[in-house]
Every structure is written in structure tokens, then in C-alpha cells.
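# whatever this is, show me its structure:
(chains A, B, C and D)
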Protein chains: 2
Amino acid sequence: MLYFIKLEMKYARRSGLQTQAKLKAAIKDLQVNSTPTISEFATWCLTNYSEIAFHSVRALADIANVNANTVVRFSKELGFKGYEDLRQNVQSTLRTTQTAYSKRADALIDRDENDLFSELKESYTLNSNTLFQPSTRSAIVDAANCIRSAEKVFTVGVRSSYSIAHYFSYVGSMAFENITRAPAEPGAIMDQLAKARESDVLVAISFSYYSAEIVRAAEIARAKRMKVIAITDSYSSPLTIDAAHVIEFPIEGPQYMPTLSAAFMAVELILAALASHSSNASGNIQKFEEQILKYGGYIS
Amino acid sequence: MLYFIKLEMKYARRSGLQTQAKLKAAIKDLQVNSTPTISEFATWCLTNYSEIAFHSVRALADIANVNANTVVRFSKELGFKGYEDLRQNVQSTLRTTQTAYSKRADALIDRDENDLFSELKESYTLNSNTLFQPSTRSAIVDAANCIRSAEKVFTVGVRSSYSIAHYFSYVGSMAFENITRAPAEPGAIMDQLAKARESDVLVAISFSYYSAEIVRAAEIARAKRMKVIAITDSYSSPLTIDAAHVIEFPIEGPQYMPTLSAAFMAVELILAALASHSSNASGNIQKFEEQILKYGGYIS
DNA sequence: TATAAAATAAAGCATTTGTATTTTTAATTG
DNA sequence: CAATTAAAAATACAAATGCTTTATTTTATA
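Residues are numbered from 1 along each chain as shown, chains lettered A, B, ... in the order given. This next block holds a predicted model:
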């Protein structure tokens, strides 16, 4: 009787496992609701999902550092007949050549969405390729050098560009002492620039239409003879006036809004260029993260 | 002992990383310039490429309707030591989790800038390609549908992920009335969730290490029976527990920090998918921008 | 059409395979 | 702390695997 209930649960877990998402969700369930060893192996499987399709019981057990039988028990807990059964299911979720049935399901997806995605992909490729062109590349390297030798670095961006400014200054301030966090409160941009000096650098981020606050910030920096790094979509942008470095790339996308993915990449590239010349960047970040871990900011 | 030597040799003779395109080109070559049986089998392999990764010599021979030895000879003609060698190479081209870059924390220091940029470009391509894979794509579309039918949408992300949350919720709130801005002040996440109801949706963004605040927010949402959309780097993330939709992609890069560019793209894709079904999204944004222009937020 | 050469298939063999069964270890309970 | 149970590891074995060797068929050329 008890066995029957157990069996029922087993099959309930397996009900209609076809897609990768469903299968992973079932594994996730085991990670949470199972015995320690099975749970640990489930965790491994989630990050090494495709290996299940590729290896035998023992081979999988070897690379996952578990007992071979754990793999079999894991498969059965998931509701499969055995490992081979699980393996075939994983394989079918990884198959590039689809069966007639799933092809039909695919065809149901809104055609607009297919067009949309492929157009987005194309514009991502196009925009980000610009970043790797020699001229943009050297602008990025130069900007990084400029930042490195600055006394203090201020970053400004508002509205949707604030996310770019936030990312750059948040990660940057972890690793480099001279980088300060981008101001978020109203008026804080001016407060910050009021204290800025000639040896400081302003990273100004704005795209068409250009935000009045950022253009104004660049003007103030210019008046103070600070160096300005302009991250923008065109040389015709008012940010580029007297800018020390201009990182320029298109933000055009097929959607209703320009895409800022290239901008995000651009600041990541600056950060990477900065880190590549610093011996203690990763150390600083590690220290920072250890602190957060210590005080419960991250779950362990 | 002998086993170890054998294993070592196996891995030692595995030549440089093969791409799927190169391998398929080599198979294509055999299709044209080889003996009838091999050629026919090559044709089959091109349309059933992933099966090579999944099956044994005999199993593959069975489903392809050729002699088992044909499979071995085919492998050797391709320049591999045997079938097992070919199979491992095919597997590595199908692996969803790339390990090429994984742990290289300090390796960047004093690295040639050329290498750095090309490796970054490669990891961008790798990570963003994941977004366009069928499983991730459909997760994005499903998430967009979920958001569309939600009463209210809350977005949470802290530390570096806040930039992603900010972008999504800022642009999203312009176009869609049910999307609210991501909380920025300390404690605001809990304040917001306190008011949330079952018909609301939580978009939770966090990557390893997982932030305690976001994990907690997901827990609360779950307790309130809200739907959770998890944007994260692995199914093993605690955010995925009972999540309605999981958008999962790698964040590995060669630099000292993981790259969140793919995350940025992911939320842009969600926004695009949302907009593609909305007749007034671009109208809303235009109205919004006209307002800002009118009151001097943008320079003209 | 005879025959050497090439291509393919079959047979053979040591290893490895998947899973059922047994043993050991760890956790829980009275 | 002994008894009981659950979980994990070890063992066992028929079936399969990868690859080599041998046999057969096909092809090309004299």
C-alpha cells in the first residue's frame, strides 16, 4: 500500500516530461526535496545538464564524483525506469533535428516573434561588432588609461542610461578606489560635480535624445577643465564637444526602443581593459564580496 | 594503473577545439569525396548530427541503417582515432555549458589587449547565442506572455544586477501600465512585496553568488502564490524553485567579473516580445518622451 | 572474363555497460 | 545506547560496447 503511494508520487513527478525546462524543473525538485547525495548530484546535473545525454552511468558518476548507483537511484527518483530511460529523455531535449511533432509545435509560435528575434539578433551582432572595430577599440583602451590615471572618476547617466552608469560605477568602484558610484538622487549630479577638480574625469553616458542633465554635466566638467569620456551614439552628440575620448556606436534596433546592449558591453570592455592592467582589481572585488558574504548579503 | 595511462593518452591526443561548422564541413567533404557507403552515411550524419553524440557504434549503425564497421571507418576517414574520438568531439560542439573560460580570475593581468578583446568578443557571442536557442527563446516568449497578463509586475535586482532590473523596469514602465519601477532604496523591496497579490508577477534577477534579498523576495512571492520569473545563470539557482518561468544563460567571461551583457540582452528581448503584441507600447513611450522633451529633460 | 585492389560486412575479444542484489554506513527512534 | 530503518556503496553478471582481425562482396582494369 505504502509502496503504491510512493510509486504514484514517482510517476506524478514524471508526468509529461518533454521539454528541457520541465525536466530541469523536476531535477530542481529533487535538489530541494531529496536525500543529501541525490540532492548534491541533482545540483551537479543542473549545471552539467547535457553530460547526461553523453555518458554512461559510470562515466557520469566519475565526472560528477558520485557513486555509480547514485546515478541510477537519481534516475528512478525522477520517475524514470532507469538511467537509460532518463538519458534518452535528456537526449531528446538536446536533439537539434526535431521530430515532426515538435516541428509542428514550433510552427505555432507567432511568426512575428521569429522575425523579431532574428532581427534583434542581427542588430545585436551589428552594434556590438562596431565595438570591436579598431577605432572603437583603441578609444576604449585610451579611455581606460585615462580613467586609470584620474584622481577621481564620476559617472553620469539618467533615465534608461542610468542602468549603464550604475553598472559601470558599481563594478568599477568595487575594484578601483578612484571610481565613485553614479549619483541616483535628483540633484546629486550637480552636488558631485561641484566638488570635482581638474584632475578628475567624467564618464558621461547619453544617447539620442540627449538628456539635458548629462549635457549640462559635461559642460560643467569642460568648464572645470576636467577630462570627459563620452559614451554616446554619434559624434554629433553634444557630449563629444571637447571630449578627451569618445566611444561611439549605433544603438539601432528593430524594436520600438533603441537597444542599449552595445552600451552595456562598451562599459564592460572598459572595465576589462582597466582590470587587465591592475594587479589588485580581482583582489579588491574578492575582498568586497567576502564582506558581503560575511554579513549575509549573499546566500551560501 | 594501466587504465590511467590509457585515459591520459585519450585526452592528450584530443586535438584543438572543433567547432560544429568545421566538423560538419569535414563530413560534407566525405559526402562528396568518398566511397558510396561512407558517402551515404555522411549524408545521414549531416541531417542527424546530434545522434553521433548520443549513441554507440552499433546503435548509430542501426538507426542509420549501415554496418557497424562503416561507422568506425567513417570516423577514421575524418581523421579521428576511432569512433569514440569523433563522438567526444561532436559532444563538445553540442555542450550547452561551455567550460573553456570558466576559472581564470587573475589570468588577465598584463594580457595582450588583442587577446583580451577577442576573448571577450567570443564570450559575448557564446553567451548571447544561448538566448537565441529554442529552449531559452520559448522561455522568453512565455515570460513575456506571463507579464502581459499580470495585474502588476515587480522587478527586483540588487548590486550589479540592479542595473538590469532598472533598465527592464524603467523602459517597461514607460510602455506598459502594469510594470512598476524596480525598488532602489533599502527595504523598498519588502515594502513593495508586502502589497503584492496573487495576480501579480515578480521578475527576480540574480546571479551566482545569489543575493539574499532577491532569494528572500522570491520566497515571499512564492508564499503569496505569485508567479515568479527567474532570470539567472543556472537552474541550480535558488530563484528557480517553483518559478513559473526560468530564463537561464551563462555569464562567464574571461575577465575578473562575470559578464552581464547577456542578462541585459535577455531583458531587452522580453521587452521586445512584450511590445510585439502591444498596439500602444510605442505610442506610450512616445507620449512619455514628448512630456520629457516639453519640460526640458532632453535638449532639442 | 579473370583477377588484383578496394570497399564493405561479419566475427571475435577484451572492456565496459546497465541494473538487480547484497553489504556497509549513517541517521533516527524508543 | 541498542534497535531499527533509510541511504549509500559495493558486488555481480548478462548484455552491450569499441575496435581489431578476418571474410566477403564489389569495383576496376587487363
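# which residues does A:Leu260 contact?
Contacts for A:Leu260 (CB atoms under 8 Å, 6 or more residues apart in numbering or on different chains) come out as A:Ser160, A:Ser161, A:Ser163, A:Ile164, A:Phe207, A:Ile251, B:Tyr167, B:Phe264, B:Glu268. Where you see a C-beta, it was placed from the backbone N, CA and C, and this is true even at glycine.
# repeat for A:Leu30
A:Ile38, A:Ser39, A:Ala42, A:Phe74, A:Glu77, A:Leu78.
# now it: which helix or strand?
Assigned by DSSP states H and E, A:Leu30 belongs to helix A:20-32.
# that helix and DNA strand D, any residue contact?
No. Helix A:20-32 lies out of reach of DNA strand D by CB under 7 Å from any atom of the strand, never closer than 10.6 Å.
# buried stuff in that helix?
A:Gln20, A:Ala21, A:Leu23, A:Lys24, A:Ala25, A:Ala26, A:Ile27, A:Lys28, A:Asp29, A:Leu30, A:Gln31 (16 or more other CB atoms under 10 Å in any protein chain shown).
# which helix in chain A runs the most residues?
Ranked by number of residues, the top helix in chain A under DSSP state H is helix A:111-131.
# check which helices and strands that helix is in contact with.
Counting contacts by 3 or more CB pairs under 8 Å, 6 or more residues apart in numbering or on different chains; DSSP states H and E, helix A:111-131 packs against helix A:134-148, helix A:261-275, helix B:113-131, helix B:261-276.
# export that helix as CSV, just CAs?
Taking C-alpha atoms only, helix A:111-131 is exported to CSV below (Å, rounded to 0.1, in the frame of the first residue of the first chain):
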residue,chain,number,x,y,z
ARG,A,111,5.7,34.2,-36.9
ASP,A,112,6.2,37.8,-35.8
GLU,A,113,8.2,36.5,-32.9
ASN,A,114,10.5,34.6,-35.2
ASP,A,115,11.1,37.6,-37.3
LEU,A,116,11.5,39.8,-34.3
PHE,A,117,14.1,37.6,-32.6
SER,A,118,16.2,37.1,-35.7
GLU,A,119,16.1,40.9,-36.4
LEU,A,120,17.2,41.5,-32.8
LYS,A,121,20.0,39.1,-33.1
GLU,A,122,21.1,40.8,-36.3
SER,A,123,21.1,44.2,-34.7
TYR,A,124,23.0,42.9,-31.7
THR,A,125,25.7,41.5,-33.9
LEU,A,126,25.9,44.6,-35.9
ASN,A,127,26.0,47.0,-33.0
SER,A,128,28.5,45.0,-30.9
ASN,A,129,30.7,44.4,-33.9
THR,A,130,31.3,48.2,-34.0
LEU,A,131,32.8,48.0,-30.5
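# what's the angle from that helix to helix A:261-275?
Per axes from the mean of the first three to the mean of the last three CA atoms, to 10 degrees, the angle that helix A:111-131 makes with helix A:261-275 is 30 degrees.
# sorry, back to before: filter the contacts of A:Leu260 down to the ones close to DNA strand D.
Applying CB under 7 Å from any atom of the strand, the subset of those adjacent to DNA strand D is empty.
# which residues of the stretch 1-150 of chain A lie near DNA strand C?
Checking the stretch 1-150 of chain A against DNA strand C by CB under 7 Å from any atom of the strand, the hits are A:56-59, A:68-69, A:72, A:75, A:81-85, A:87.
# for the contacts of A:Leu260, which one is nearest A:Val201?
Proximity to A:Val201 was ranked across the contacts of A:Leu260 by CB to CB; first place goes to A:Ile164, at 16.5 Å.
# okay, and the closest one sits in which element?
Using DSSP H and E, A:Ile164 falls in helix A:161-175.
# what about the residue nearest to A:Ile251 when sequence neighbours are not counted, how many residues nearby?
Sequence neighbours aside, A:Pro258 is the residue nearest to A:Ile251 in space, at 4.0 Å (criterion: CB to CB, 6 or more residues apart in numbering or on different chains). Counted with other CB atoms under 10 Å in any protein chain shown, residues neighbouring A:Pro258 total 19.
# wait, doesn't A:Pro258 sit right on A:Thr232?
No. The pair A:Pro258 / A:Thr232 is not scored as a contact, 11.8 Å apart, by CB atoms under 8 Å.
# so what sits against both of the two?
A:Phe207.
# coming back round to it: can you say which of the contacts of A:Leu30 are buried?
Buried members of the contacts of A:Leu30, scored by 16+ other CB under 10 Å, are A:Ile38, A:Ala42, A:Phe74, A:Glu77, A:Leu78.
# ok, and of the residues you listed, which contact DNA strand D?
Answer for the buried ones among the contacts of A:Leu30 near DNA strand D (CB under 7 Å from any atom of the strand): A:Ile38.
# quick revisit: quick one: mean pLDDT over the helix holding A:Ile164.
Across helix A:161-175, pLDDT averages out at 95.
# list the buried residues for stretch A:74-91?
Residues of stretch A:74-91 classed as buried: A:Phe74, A:Ser75, A:Glu77, A:Leu78, A:Gly79, A:Phe80, A:Tyr83, A:Leu86, A:Arg87, A:Asn89, A:Val90, A:Gln91 (neighbour count, 16+ other CB under 10 Å).
# over to the second one. Which of the three states is it?
Going back to what we said before, that points to A:Ser75. Three-state call for A:Ser75 (DSSP: H, G, I helix; E, B strand; the rest coil): helix.
# show me what contacts it?
A:Gly82, A:Tyr83, A:Asp85, A:Leu86, A:Arg87.
# from those, which is closest to DNA strand D?
Distance to DNA strand D across the contacts of A:Ser75 (CB to the nearest atom of the strand) is lowest for A:Arg87, with 11.3 Å.
# can you name the helix or strand that that closest one falls in?
helix A:83-94.
# restricting to C-alpha, output the helix or strand following the helix holding A:Leu30 in CSV.
Once the chain leaves helix A:20-32, the next helix or strand it forms, by DSSP H and E, is helix A:36-47. The C-alpha trace of helix A:36-47 is given here as CSV (Å, rounded to 0.1, in the frame of the first residue of the first chain):
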residue,chain,number,x,y,z
PRO,A,36,21.8,14.7,0.6
THR,A,37,23.7,12.7,-2.0
ILE,A,38,20.9,12.7,-4.5
SER,A,39,20.4,16.4,-4.0
GLU,A,40,24.1,17.2,-4.5
PHE,A,41,24.1,15.2,-7.7
ALA,A,42,20.9,17.0,-8.8
THR,A,43,22.8,20.3,-8.4
TRP,A,44,25.6,19.0,-10.5
CYS,A,45,23.2,17.8,-13.1
LEU,A,46,21.6,21.2,-13.4
THR,A,47,24.8,22.9,-14.3
